[in-house]
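>>> Pasted the sequence and its predicted model underneath.
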Amino acid sequence: MLLHLSFPRKMLMRLAFPRKRESILLFFIIASLAGCASGGAAPESRSATTTRGEVEPPWNIKTREHIDLWFHAFAMLHQDTSKVPFFRGGYRAELTALRMQRNITTRLDENRTRLVDRLGTNQALINSQFLAIYFANWSEMKQFMDMFTRVEGDPERASNISVQRAIAIISRYFPSAADRDWARLFMQSVDDEYERFYHAHWLAEEGRRKPVLAAIDTLWRNTYYPRFKRYLDGSQQRNGDLILSLPLDGEGRLLPGTVSSPGSSYSYLAINYPDTSAKVVEAIFVFAHEVSGRVVNVAVSDHTTPAEARSGLSERYESDGLVVGGYFLIKRVAPELAEDYARYYLRSARVSTQDSDAESALMAAFPLPQLIRESIVRQINIVLGGI
């Protein structure tokens, strides 16, 4: 799932690699502001070195509490009916039961009706779940969202040009007074959820999943990053943070990097966080699904008309195309995973497979015109061939 700031017809659209660059501009504005405001610094687009002196892959495995918190709040509100769910199946029921066991009620519960009603009125608000990826931590996110609220979304009321630009872009998530009111109420509700419940829950889960995190990191570093490297280099996705997120399922959240010169991109990708070491390969599936976006976008753009784009058909092709693109990418770089990848997304889409051929079932569940499907395969082959 890829960020695009010009809001379309329905919830959380799936446009591969935005045609506009405001989203990336916003990241660098906020990153530079954060350095001034809190002593932090913008992420560096280079590999880190371990204590053993090893050079880590340019895509580094990480976890981020505030990103999980933000996604958690949306998962507790959002009525998910998409083919590939935005959030892990049963997540809301599981977390609701846990909070009830602990007799915890927060402002997220108290304000639920108002928050859900506005989401129903303006479904584009679901896109604001991407905002957390821009920030280093929850304290920083609150600081900048409070700044946005205080100036009522008006960039001219901000103190300097950098803040003005940031507010102008954030305003595209919350363009109206009603949307800004929703944002203010949502922030207050999420902050209370964090203090009363989520912080302790997240720390406990992080502790429980330490072996899973270590297993994913080892699998990625030693086996699958080397397999994906040629594709990542060839598709100008050389560097990034790979953020494991507790609420997510088969839909990742990708903030693609700018490409000002070869090798200069740095992306931020939140993906699913498997709950046991036996399932760690599922994180590789979602990574493949998301990074296939660049070739899927080319294939869909080349084989759809402006009328199909206006009707929303191109968007559906892009959505199904990411599942298909991820499959064909996996089939090329890690063929031993192809069948399991297909069955993972078939389960995610609630499609019964039983003894059926996995590839055929996947193509039927995520149908694409033959020209688009063939173009996706061709684009992947071109990238891997270094053309």
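Nice, I can see it.
>>> Going toward the C-terminus from the longest helix belonging to the chain, what's the next helix or strand?
Longest among the helix segments of the chain by residue count, using DSSP state H, is helix 313-333. Helices and strands here follow DSSP states H and E; after helix 313-333, the next one along the chain is helix 338-348.
>>> Skipping adjacent residues, who's closest to residue 85 in space?
What sits nearest to residue 85 in space, not counting adjacent residues and going by Cβ to Cβ, 6 or more residues apart in numbering, is residue 249, at 5.1 Å. Just so you know, the C-beta spots here come from the backbone N, C-alpha and C atoms, and that holds for glycine as well.
>>> Surely the one you found is in contact with residue 88?
Yes. Using Cβ atoms under 8 Å, residue 249 is in contact with residue 88, at 4.4 Å.
>>> Touching both of those two, which residues are there?
Shared contacts of residue 249 and residue 88 (Cβ atoms under 8 Å, 6 or more residues apart in numbering): residue 272.
>>> show me the residues around residue 92 that make contact.
Per Cβ under 8 Å, 6+ apart, neighbours of residue 92: 75, 76.
>>> Tell me how far it lies from residue 78.
Relative to residue 78, residue 92 is positioned 8 Å away (Cβ to Cβ, to the nearest Å).
>>> and what of residue 191?
19 Å.
>>> Likewise for residue 204?
24 Å.
>>> which of those two has more neighbours?
Set residue 204 next to residue 78 and count neighbours by other Cβ atoms under 10 Å: residue 78 wins out with 22 against 10.
>>> My guess is the more buried one contacts residue 87. True?
Yes. Residue 78 sits in contact with residue 87 when judged by Cβ under 8 Å, with a separation of 7.2 Å.
>>> Tell me where the stretch 251-387 of the chain is predicted with low confidence.
For the stretch 251-387 of the chain, applying pLDDT under 70 flags the ranges 258-264, 355, 386-387.
>>> at 50 what do you get?
Applying pLDDT under 50 to the stretch 251-387 of the chain flags the ranges 258-263.
>>> in it, which spans are strands?
Ranges of strands in the stretch 251-387 of the chain, per DSSP state E, counting those that start in this stretch, are 253-255, 266-272.
>>> Need those in CSV (columns: mean neighbour count).
CSV is the format used below for the strands of the stretch 251-387 of the chain (neighbours: other Cβ atoms under 10 Å):
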stretch, mean neighbour count
strand 253-255, 24
strand 266-272, 25
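>>> and of those, who's closest to residue 149?
The closest of the strands of the stretch 251-387 of the chain to residue 149 is strand 253-255. By Cβ to Cβ, the value is 22.7 Å.
>>> any idea of the pLDDT on residue 54?
On the pLDDT scale, residue 54 is placed at 49.
>>> My error: substitute residue 128 in the last question.
93.
>>> for it, helix, strand, or coil?
What DSSP: H, G, I helix; E, B strand; the rest coil gives for residue 128 is helix.
>>> Need phi/psi at residue 351.
phi -100, psi 130 (degrees, to the nearest 10).
>>> from now on call the first residue 32
Sure, I'll start numbering at 32, so the last one becomes residue 382.
>>> residues contacting it?
So residue 382 contacts 392, 396 (Cβ under 8 Å, 6+ apart).
>>> For residue 208, see how far away it is.
Taken as Cβ to Cβ, the span from residue 382 to residue 208 is 43 Å.
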